[in-house]
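J.: need a 3D model of the following:
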Amino acid sequence: MADESLIPAKQKQNPVLRKYQENILEVAKEKNTLVVLPTGLGKTLIAFELIDYRLKYGKPNAKTLFLAPTKPLVDQHFTNFKRAYGWEAHMLTGAINSSKRKEIWDKAKVIFATPQTIANDLESGLISLENVSVIVFDEAHRCLKHYDYVNIARAAKAIDGIRILGLTASPSEEKAKIDEICRHLNIDAIEIRTRESEDVKPYIKKLRVKVIKVSLDKELLEIRELLDAYYKKKLEELSNRGFLFKKNITKKEILTLQKMLQMQASQNKGDYNLLRALTAVAIALKLQHALELLETQSVNALYLYLQDLYEQAEAKKSKAVREIINNKDFKKAFVKVVELYNKGKENPKLEKLKEVIEEEKRANPNFKAIIFTQFRDNVARISEYLSKIGLSNRCFIGQAKRREDGLTQKEQKRIIEEFKNNNIGLLVSTSIGEEGLDIPEVDAVIFYEPVPSAIRKIQRAGRTARTKEGKVILLMAENTRDEAYYWAAWHKEKRMYKIIESINQKLKQSKSGEFDIPLDKFTENENKNET
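T.: Presented below is the predicted three-dimensional model:
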């Protein structure tokens with residue numbers, strides 16, 4: 001251990017750790033650790049303390065590296081670290097030219113950076129990890145396949161003495177992916193806590209979960225029947241052509257089938273049966289999307305999507321869209337959607353959302369909530385609807401992609417500041433609000449629709465019930481995919497925790513030498529048993 005007289009004088013007092021944070025930190029000091037901790041329970045502080053520890057007691061002149069997936073997140077962590085700790089820190093992103101990045105890298109002891117920047121500079125030889133003491137991988141569930149985290153972790157593995165710390169609210173719902181993350185990061189231990197963990201319970205407040213069911217109106221059910229009839233005909237066609245062998249098929253399975261057909265078509269050009277099957281798959285996917293918008297989103301979102309299909313057909317974008325708009329069931333459905341749209345008729349969820357918010361505001365005039373929904377068009381519709389009835393809110397979405405409907409990082413930051421300062425009480429957000437960003441605690445998180453992902457469910461719910469009691473309110477359309485998604489996420493979350501515990505046990509056994517079997521073989525065997 002280093003002589004404490006050689007440690008730089010701290011400008012500020014270190015934040016006080018909770019007991020579970022102390023316990024996790026002690027493991028992270030000695031082992032490459034994956035920390036699985038719900039949003040809002042202080043994963044980042046554990047990382048800051050590990051950096052502080054390695055700077056004090058690690059090898060002299062070593063540097064530390066904190067990686068986060070986006071520039072706003074890097075900036076957030078950089079700012080919070082500087083506010084709480086006395087070490088000089090620097091930020092590296094692609095916006096800084098290469099010669100300046102090299103200069104910063106050479107002299108800095110604490111670096112906050114995007115993985116893209118570090119991966120590119122490692123590949124070009126601009127920098128080396130030789131003198132790095134610790135690397136923190138924030139949102140470590142991204143350390144899969146070809147993401148830049150993987151290349152950085154591979155470079156770190158080749159150098160002795162680098163401590164790895166991965167942070168995530170939920171790594172994955174699949175054994176193979178959790179295994180892959182652990183292998184990439186060379187993880188020795190997984191430290192997992194939930195809201196039910198004994199050392200966490202004293203620090204959190206009660207979280208109440210309320211599921212509110214709504215019934216689709218007769219007009220919406222009629223539209224669903226027409227679209228569903230057409231969808232089933234396409235599945236029947238795929239079956240008759242010899243490419244589908246079951247009646248019920250998920251969207252994920254249709255996408256997998258589409259990839260397989262595309263591969264076959266590239267090898268058998270001009271095969272009529274394959275080409276017709278590809279058209280049928282494309283139509284099925286578009287109808288699936290339309291049905292999802294109808295059941296879970298809004299009439300407005302469905303209208304905009306169907307209108308877009310007509311515009312694509314007019315522009316002769318694809319054979320599939322031209323075939324869709326000429327189908328009699330689709331034409332009838334579109335006429336009914338236009339009628340509802342012109343009358344201002346909406347999915348009953350919108351009215352229920354209004355009732356929920358008004359009830360909460362009567363009990364608490366300063367009520368703050370995040371309303372999560374899946375699609376950008378629906379964010380705009382919900383925001384517009386709430387504004388019309390006098391409920392002040394802001395849309396919170398990602399950056400513009402194909403269309404000019406996104407927010408810049410500066411605009412995102414401004415909206416978060418408005419929310420922090422109580423200038424607005426409601427955020428209507430896509431998935432951008434789920435992960436990482438320093439959005440203040442809210443009284444309630446409202447799911448406009450359930451999500452089938454355990455990761456996203458956990459991240460959304462983590463926005464409330466930290467320092468005061470909170471609520472999770474789910475709107476669910478009865479007898480729709482909303483119900484299926486709700487139960488899918490519930491079962492996946494339960495399974496995820498069991499998988500993590502199982503893999504952690506295998507890690508302990510493998511590292512202690514009890515077994516000489518690679519971790520992926522354990523996972524492979526357990527997958528077979530589960531099947």
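J.: low-confidence ranges in the chain?
T.: Scanning the chain for pLDDT under 70 picks out the ranges 1-13, 401-404, 436, 511-531.
J.: buried set for the lengthiest helix in the chain?
T.: If you go by DSSP state H, the chain has its longest helix at helix 481-511. The neighbour-count check on helix 481-511 (16 or more other Cβ atoms under 10 Å) flags 481-483, 485-486, 488-489, 492-493, 496, 499-500, 503-504, 506-507, 510 as buried. Glycine gets a C-beta too; all of them are placed from N, C-alpha and C.
J.: just stretch 435-447 next, same as before
T.: For stretch 435-447, by 16+ other Cβ under 10 Å, it's 435-437, 439, 442-447.
J.: measure it end to end?
T.: Terminal residues of stretch 435-447 are spaced 15 Å apart (Cα to Cα, to the nearest Å).
J.: distance from the chain centre to it, please.
T.: Its chain's C-alpha centre and that of stretch 435-447 lie 13 Å apart, by Cα atoms, centre = their mean, to the nearest Å.
J.: and stretch 261-271, by the same measure?
T.: Worked out by Cα atoms, centre = their mean, stretch 261-271 lies 34 Å from the chain centre.
J.: export that stretch to CSV, keeping only CA atoms.
T.: C-alpha atoms of stretch 261-271 as CSV (Å, rounded to 0.1, in the frame of the first residue of the first chain):
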residue,chain,number,x,y,z
LEU,A,261,-35.3,-15.9,-47.0
GLN,A,262,-33.0,-13.0,-48.0
MET,A,263,-30.0,-15.2,-47.7
GLN,A,264,-31.6,-17.9,-49.8
ALA,A,265,-32.8,-15.4,-52.4
SER,A,266,-29.3,-14.0,-52.8
GLN,A,267,-28.1,-17.6,-53.6
ASN,A,268,-31.1,-18.5,-55.8
LYS,A,269,-31.7,-15.4,-57.8
GLY,A,270,-35.0,-15.4,-59.7
ASP,A,271,-36.6,-18.1,-57.6
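J.: please identify the helix or strand for residue 384.
T.: helix 376-388 (DSSP states H and E).
J.: if you could redo that for residue 64, that was the one I meant.
T.: Assigned by DSSP H and E, residue 64 falls in strand 63-67.
J.: flag every buried residue along the helix or strand following that strand.
T.: Next in sequence after strand 63-67, counting helices and strands by DSSP H and E, comes helix 71-84. Neighbour-count burial for helix 71-84 flags 71-78, 80-82, 84 (criterion: 16+ other Cβ under 10 Å).
J.: out of these, who's nearest residue 239?
T.: Nearest to residue 239, judged by Cβ to Cβ, of the buried residues of helix 71-84 is residue 73 at 46.0 Å.
J.: these two touch, right, that closest one and residue 142?
T.: No. Using Cβ atoms under 8 Å as the test, residue 73 is too far from residue 142 to be in contact (11.5 Å).
J.: still on that earlier bit, residues in contact with the strand holding residue 64?
T.: For strand 63-67, the external contacting residues (Cβ atoms under 8 Å, 6 or more residues apart in numbering) are 47, 51, 54-55, 77-78, 81, 105, 108-115, 118, 129, 131-138, 149, 152.
J.: cool, and stretch 298-314?
T.: By Cβ under 8 Å, 6+ apart, the residues outside stretch 298-314 that reach it are 220, 286, 289-290, 293-294, 318, 321-322, 324-325, 333-334, 337-338, 340-341, 345-347, 349-350, 375, 377-378, 381-382.
J.: out of these, which end up buried?
T.: 220, 286, 290, 293-294, 318, 321, 324, 333-334, 337, 340-341, 346-347, 349-350, 375, 377-378, 381-382.
J.: pretty sure residue 468 is in a helix, no?
T.: No. Secondary structure of residue 468 (DSSP: H, G, I helix; E, B strand; the rest coil): coil, not part of a helix.
J.: and it, how many residues sit next to it?
T.: 11 (other Cβ atoms under 10 Å).
J.: my guess is it meets residue 444, correct?
T.: No. Contact between residue 468 and residue 444 fails when scored by Cβ under 8 Å: they sit 11.2 Å apart.
J.: confirm that residue 248 sits in a strand.
T.: No. Counting by three-state DSSP, residue 248 is not found in a strand; it is coil.
J.: could you count how many residues lie near it?
T.: 6.
J.: with the one 3 residues further on instead?
T.: The burial count assigned to residue 251 is 15, neighbours taken as other Cβ under 10 Å.
J.: show me the contacts of stretch 298-314 that map onto helices.
T.: Counted as lying in helices by DSSP H, out of the contacts of stretch 298-314, are 220, 286, 289-290, 293-294, 321-322, 324-325, 333-334, 337-338, 340-341, 349-350, 377-378, 381-382.
J.: any idea how far residue 133 is from residue 226?
T.: 63 Å (Cβ to Cβ, to the nearest Å).
J.: kindly report the same for residue 116.
T.: In terms of Cβ to Cβ, residue 116 sits 46 Å off from residue 226.
J.: tell me if residue 231 really is in a strand.
T.: No. Assessed with three-state DSSP, residue 231 is helix; it does not lie in a strand.
J.: and it, what does it touch?
T.: Counted by Cβ under 8 Å, 6+ apart, residue 231 has contacts 284, 287-288, 291.
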